[in-house]
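Participant: The following block contains a protein sequence and its predicted model.
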Amino acid sequence: MAYCGHCGEAVDARDHARCAELLRMEPPRFCTQCRRRMVVQVTPAGWSVRCVEHGDLSG
Amino acid sequence: MTDVLQVARAHVLEQGLGLSEELLVEVLRLPDERIPELLELAHEVRMTWCGPEVEVEGIVSLKTGGCPEDCHFCSQSGQFQSPVRAVWLNIPELVEAAKETAKTGASEFCIVAAVRGPDQRLMDQVREGIKAIQAEVDINIACSLGMLTQAQVDEFVEMGVHRYNHNLEAAKSYFPQVVSTHSYEERWDTCLMVREAGMELCCGGLVGMGESIEQRAELAAQLAELRPHEVPLNFLNPRPGTPFGGQELMSSQDALRTIAAFRLAMPHTILRYAGGRELTLGDLGTREGLLGGVNAVIVGNYLTTLGRDANEDIDLLAELGMPIKELQKTL
């Protein structure tokens, strides 16, 4: 199952268009693979996230 | 009855005096069709009393989340079911963030922590971080670390902190609806200590939190009374899981009226576009604000959310013929 990085709900549970829009203005907070809350660090020019199970991602 | 903008022209533009709270309410009640006229006046005031330069700043969160306070707008409070998890930045990451900021031409770099006030661990981390930044990056360092004791204020002066941010957040009459874990007076006291110690005081607030027009004017008047060097103006970005998470976004017209009103309340102050501007005003709003009283911006990302690409803001300033304020060390 895949999860929404913004709200953490299952991708197929509802329409996540608004979440996708918001993800242009904030980093993901939930791991899309396991729904765990991730550790997120925002810096002036970027961001990085870490899921304890699935590792790092940055943008 | 005399028109409020005529009064503002004579009082603020020509004499450099701030508008009274009562008149600020009138400004905030001007109809939409008078917003262009209002912004034009606010811009004239800014150009006359502050000049064309724009101060550029970057911010970073040294300690994110897990805050014991309950500021109802904040996703970093440990008291709410927010998805933000606690995390600390290490010193090399902090220096890198300062470098990223300096590359944009910014003269200020603000280190922020989500705390009630700094404990010894945070003081030590900040001291080490400032030392590391000063060794590698030519930029003024500001801090925003909550409420301070006099001893901590003195320590920051000794560390070379150029400016300290501590917002009032809301008007005194609305503050209890926004925060219950500390008082407006506690915030005010920290601001006074900072100013009296010789650091530049950065003190602003948020609008769009459900306050009335009168309370918005009250906040501007209370800030003017505090005489900060800089006022960051934030627009509520309703964060999931916080008590204000369900608030409607402030309208762009109200946001523009507020920017101009703050300028008319404080003609000499640095008025900075801070969080929420992208969401509330969009790309066009950044331009309108810069032509309506704003003379400082936070570039790049915020503490937990993302901002516009810094280059877009820098390009816009060039297009508007507004030079970036050069680095000046004042301490």
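Facilitator: Noted; the coordinates are in hand.

Participant: Name the residues of the stretch 51-200 of chain B found near chain A, please.
Facilitator: Listed as neighbours of chain A in the stretch 51-200 of chain B under the rule Cβ under 8 Å from any Cβ of the partner chain: B:58-61, B:64, B:83-85, B:87, B:89, B:93, B:96-97, B:100-101, B:104. Placement of C-beta: from N, CA and C, glycine included.

Participant: ok, of those residues, which come out buried?
Facilitator: Buried residues within these, counting neighbours by 16 or more other Cβ atoms under 10 Å in any protein chain shown: B:58-61, B:64, B:83-85, B:87, B:89, B:93, B:96-97, B:100-101, B:104.

Participant: Those residues in helices, which ones?
Facilitator: Per DSSP state H, helices hold the following members of these: B:93, B:96-97, B:100-101.

Participant: Turn the residues you listed into TSV, columns for pLDDT and distance to A:Met25.
Facilitator: Output for these, formatted as TSV (pLDDT from 0 to 100; distance: Cβ to Cβ, whole Å):
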residue	pLDDT	distance to A:Met25
B:Glu93	95	22
B:Glu96	96	23
B:Ala97	96	19
B:Glu100	94	19
B:Thr101	95	20
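
Participant: Go through those and say which is closest to B:Thr258.
Facilitator: Nearest to B:Thr258 among these: B:Thr101, at 26.6 Å, using Cβ to Cβ.

Participant: How much space separates that closest one from B:Ile298?
Facilitator: 10 Å (Cβ to Cβ, to the nearest Å).

Participant: and B:Ala217, which of the three is it?
Facilitator: What DSSP: H, G, I helix; E, B strand; the rest coil gives for B:Ala217 is helix.

Participant: Output the set of residues of the stretch 201-331 of chain B in proximity to chain A.
Facilitator: B:240, B:278-279, B:299-306, B:310.

Participant: Next, work out how far apart the residue of chain A most remote from its centre and B:Ser61 are.
Facilitator: Here chain A reaches farthest from its C-alpha mean at A:Pro44, the gap being 18.7 Å by Cα atoms, centre = their mean. Counting by Cβ to Cβ, the gap from A:Pro44 to B:Ser61 is 10 Å.

Participant: again, but for B:Glu230
Facilitator: 19 Å.

Participant: what residues are shared contacts of B:Thr101 and B:Ile298?
Facilitator: B:57-58 (Cβ atoms under 8 Å, 6 or more residues apart in numbering or on different chains).

Participant: got the contact list for B:Ser82?
Facilitator: B:65, B:75-76, B:239-242.

Participant: Of the residues you listed, grab the buried ones for PyMOL.
Facilitator: Filtering the contacts of B:Ser82 down to the buried ones (16+ other Cβ under 10 Å) takes a single PyMOL command:
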select buried, chain B and resi 65+75+76+239+240+242
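
Participant: Nothing else from me, thank you.
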